[in-house]
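Enquirer: This is the structure alone, sequence omitted:
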């Protein structure tokens, strides 16, 4: 099951958030005063399960209409089976629009809200909203601008994370003025699915706070600082390649947590490509006198493989998938592969090293 499918099911089961709302616009947005009052006509832009947290909040609010007068939805997903936002819209009887928009007129909506949409919205579209467009982004901007902030925050061992409510600007992603940020600690060991759920709720909550007191947040809006900006591009398979010579144990575990349900981590065993599953830091002291970096031994007490990392610390591995075969347990790998090699050959090597040798 994909992350989007899993998260969509979770959101439809839970996600009760106290809501609120108000308004804005690209240029005129910062010219209005304290007379900004709901209920609003909102066009929502979203594509995946992270979008659903905020969309559900707005849809729930529309039922009692203190803030949302009209709510319609835009997605750009082409396959019906993967379009969780469209499915939600149809379940809630919300009018649905395909991207790109063909018939949007000025005055149709007070403003737009963008959450995990993945498309640059042109200035001609932004200007159709009398109060502009806001974006809910899953990082503390300007850190982790881009498509995969949750994954990059975990992979890089950030200690804090959060959400940003910002003003949409044309031509570039995630560079608009910041209206509001909410910060939370990033717990060690949390994976991308768990953080996705936390920040999804937090983003909906943060937007509700902005919409509940819009005039105050508009007046306190600030440009993003240009220094310390980092980028979170779409994840490529190369991110899953373990480099035993350069990666400490914590880094490997962080990447594993970040890529859960996206990619398994990749290494090489005896010139065969393998994928490692159920990776965790192993804090118990290990007798490692005879082991090089990447060296592997089997621990029968926990039924897992132990692998020595660049920092001299060890990780545990619960399962292995050899190319062309099914996943096997650490015990089966030990019996079928590890025991058959002399101790000097019981070692995982780096896939990146093998690529360099081939080239």
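Expert: In hand now; what should we look at? Since the structure is predicted, the reported quantities are computational estimates derived from the model, not experimental observations.

Enquirer: what's the distance between residue 169 and residue 227?
Expert: 19 Å (C-beta to C-beta, to the nearest Å). Where C-beta positions appear, they are placed from N, C-alpha and C, glycine not excepted.

Enquirer: who has more neighbours, these two?
Expert: Using other C-beta atoms under 10 Å as the criterion, residue 169 and residue 227 rank with residue 169 on top: 19 against 6.

Enquirer: Could you check how far that one is from residue 221?
Expert: Residue 169 is 12 Å from residue 221, by C-beta to C-beta.

Enquirer: Please point out which parts of the longest helix seen in the chain sit buried.
Expert: Using DSSP state H, we find that the single longest helix of the chain is helix 192-212. For helix 192-212, burial by neighbour count (16 or more other C-beta atoms under 10 Å) applies to 192-193, 195-212.

Enquirer: With stretch 215-222 instead?
Expert: Buried positions in stretch 215-222, judged by neighbour count with 16+ other C-beta under 10 Å: 217-218, 221.

Enquirer: list the contacts for residue 269?
Expert: 320, 322, 337, 348-349 (C-beta atoms under 8 Å, 6 or more residues apart in numbering).

Enquirer: any low-confidence regions in the stretch 1-150 of the chain?
Expert: 1-35 (pLDDT under 70).

Enquirer: Would you mind measuring from residue 128 to residue 174?
Expert: From residue 128 to residue 174 the distance is 21 Å (C-beta to C-beta).

Enquirer: Could you point out the helix or strand that follows the longest helix of the chain?
Expert: As assigned by DSSP states H and E, the chain's next helix or strand after helix 192-212 is helix 214-219.

Enquirer: Mind giving me the packing neighbours of that next one?
Expert: If you count contacts as 3 or more C-beta pairs under 8 Å, 6 or more residues apart in numbering; DSSP states H and E, helix 214-219 packs onto strand 178-185.

Enquirer: Try it again at 10 Å.
Expert: strand 178-185, helix 192-212 (3 or more C-beta pairs under 10 Å, 6 or more residues apart in numbering; DSSP states H and E).

Enquirer: Check which residues of the first one are buried.
Expert: Right, the one you point to is strand 178-185. 178-180, 182.

Enquirer: for the record, mean pLDDT for that strand?
Expert: Averaged across strand 178-185, pLDDT comes to 98.

Enquirer: start the count at 41, not 1, going forward
Expert: Renumbered: residue one is now 41, and that last one reads strand 218-225.

Enquirer: coming back round to it: most neighbours of all the contacts of residue 309, which one?
Expert: Within the contacts of residue 309, neighbour counts (other C-beta under 10 Å) peak at residue 360, which reaches 27 neighbours.

Enquirer: Tell me which residues touch that one, please.
Expert: By C-beta atoms under 10 Å, 6 or more residues apart in numbering, residue 360 lies in contact with 304, 307, 309, 314-318, 336, 345, 367-370, 372-374, 376-378, 388.

Enquirer: at 8 Å instead, please
Expert: Contacts of residue 360 (C-beta under 8 Å, 6+ apart): 309, 314-317, 345, 367-368, 370, 373.

Enquirer: out of these, which are inside helices?
Expert: 370, 373.

Enquirer: Which of the contacts of residue 360 are buried, as a ChimeraX select command?
Expert: Buried residues within these, by 16+ other C-beta under 10 Å, are selected in ChimeraX with:
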select :309,314,315,316,317,345,368,370,373
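
Enquirer: The contacts of residue 360 in strands, which ones?
Expert: Members of these lying in strands (criterion: DSSP state E): 309, 314-317, 345, 367-368.

Enquirer: Going by distance to residue 146, which of the buried residues of strand 218-225 wins?
Expert: residue 219 (23.1 Å; C-beta to C-beta).

Enquirer: For the closest one, which residues are in contact?
Expert: So, once contact is read as C-beta under 8 Å, 6+ apart, residue 219 ends up touching 174, 205-207, 250, 257-258, 260-261.

Enquirer: Show me the helices in the stretch 241-390 of the chain, by range?
Expert: 254-259, 289-298, 370-376 (DSSP state H, counting those that start in this stretch).

Enquirer: Just confirm residue 370 contacts residue 343, I think it does.
Expert: Yes. If you go by C-beta atoms under 8 Å, residue 370 and residue 343 touch, sitting 6.0 Å apart.

Enquirer: Sketch out the low-pLDDT regions of the stretch 241-390 of the chain for me.
Expert: Along the stretch 241-390 of the chain, no part satisfies pLDDT under 70.

Enquirer: Which of the helices or strands spans the residue positioned nearest the centre of the chain?
Expert: Centrality entry for the chain: nearest residue to the mean C-alpha point is residue 190, 3.5 Å, by C-alpha atoms, centre = their mean. Per DSSP H and E, residue 190 falls inside helix 189-195.

Enquirer: packing partners for the helix or strand just after that helix?
Expert: Later in the chain than helix 189-195, the nearest helix or strand by DSSP H and E is strand 200-207. Here strand 200-207 touches strand 173-177, strand 218-225, helix 232-252, going by 3+ C-beta pairs under 8 Å, 6+ apart.

Enquirer: and with 10 Å instead?
Expert: strand 173-177, helix 189-195, strand 218-225, helix 232-252.
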